[in-house]
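Colleague: From the sequence below, what's the structure:
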Amino acid sequence: MAAAAALQLRGVRKYFGSVSALEDVRLDAYAGEVHAIVGDNGAGKSTTIKIVTGIHRADEGEVLVNGGIAVVYQDLALVECLDIAHNMALGNLPRRFGIVLDRRRMEREAAEVLRDLKVRVGNVRTPVGLLSGGQRQVVAVARAVRMDKPIMLLDEPTAALGVQETAHVGDIIDELRAAGKAVIIVSHDLDFVFAHADRVTVLRLGRTVGTRTVADTGREEIVGMITGAIKGEL
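Modeller: The predicted structure is shown next:
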């Protein structure tokens with residue numbers, strides 16, 4: 001790709017005491033594409049996410065970010081006792097005179113984002129605790145969209161979702177790509193990856209095995225790279 005990457009990882013390593021969690025992680029994610037990160041349990045996906053989002057610090061290597069990152073964690077990080085509008089505005093509550101919560105604006109902005117994403121979750125004053133798992137997922141995604149960052153990182157965005165809910169999340173991801181976002185998804189769901197990703201990076205035992213263009217690879221090769229049966233090339 002000719003344009004500069006929105007996110008670059010170069011030779012990233014991470015140790016926890018004497019245990020090596022990441023040995024050599026490399027990644028280039030670009031605006032206007034969906035880039036999937038896949039790998040078996042223990043491959044280093046979670047540690048990589050935490051380094052990208054600043055929870056952990058890399059011991060070696062480089063993490064280059066061109067713009068801000070909005071993250072949807074697997075546990076969603078929603079507050080069940082608060083309503084949809086509050087959850088979508090957490091960390092960036094609109095205020096009048098810099099002091100008083102502007103509830104009307106908060107609810108209006110939440111409703112606008114949900115409408116743009118074609119999401120139906122009822123009234124934005126509905127407590128998140130009353131929503132289904134799929135509805136909570138789209139609220140978490142909508143919160144990230146509201147932040148309007150150039151990079152979107154979604155950790156297991158379809159975990160525990162039904163077929164219809166998974167399709168809806170896929171539609172949202174497609175729209176984010178069309179809007180020029182760099183969308184990074186971490187997923188075990190290879191069907192979802194092949195349906196929506198442009199490129200896929202495989203991690204194994206803390207290393208980047210390789211990156212493939214989805215149009216030029218197949219499930220058999222990716223599974224082989226995940227298991228070690230196929231030796232990838234960067």
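
Colleague: Now do the domain split for the protein, please.
Modeller: According to automatic domain parsing, the chain comprises the domains 1-68+150-234, 79-148.

Colleague: Quick one: residues contacting the residue nearest the centre of the chain.
Modeller: Residue closest to the average C-alpha location in the chain (CA atoms, centre = their mean): residue 154, at 1.5 Å. Under the criterion of CB atoms under 8 Å, 6 or more residues apart in numbering, the neighbours of residue 154 are 71, 72, 141, 144, 173, 183, 184, 185, 186. Heads up, the C-betas are built off the backbone N, CA and C, glycines and all.

Colleague: What ranges does the protein have for its strands?
Modeller: Per DSSP state E, the chain carries strands over the ranges 7-16, 19-29, 33-38, 60-65, 69-72, 95-96, 100-101, 151-155, 182-186, 199-204, 207-213.

Colleague: distance from the centroid: which residue in this protein tops it?
Modeller: Distance-from-mean max, the chain, by CA atoms, centre = their mean: residue 97 at 33.8 Å.

Colleague: What distance do you get for that one to residue 109?
Modeller: Per CB to CB, to the nearest Å, residue 97 is found 18 Å from residue 109.

Colleague: circling back to that earlier point, hey, least reliable of the domains of the chain by pLDDT?
Modeller: Among the domains of the chain, domain 79-148 has the lowest mean pLDDT, at a mean of 88.

Colleague: hang on, the earlier thing: save the contacts of residue 154 as JSON lines, and put in neighbour count too.
Modeller: Formatted as JSON lines, the contacts of residue 154 follow (neighbours: other CB atoms under 10 Å):
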{"residue": "71", "neighbour count": "21"}
{"residue": "72", "neighbour count": "24"}
{"residue": "141", "neighbour count": "24"}
{"residue": "144", "neighbour count": "20"}
{"residue": "173", "neighbour count": "23"}
{"residue": "183", "neighbour count": "27"}
{"residue": "184", "neighbour count": "26"}
{"residue": "185", "neighbour count": "26"}
{"residue": "186", "neighbour count": "20"}
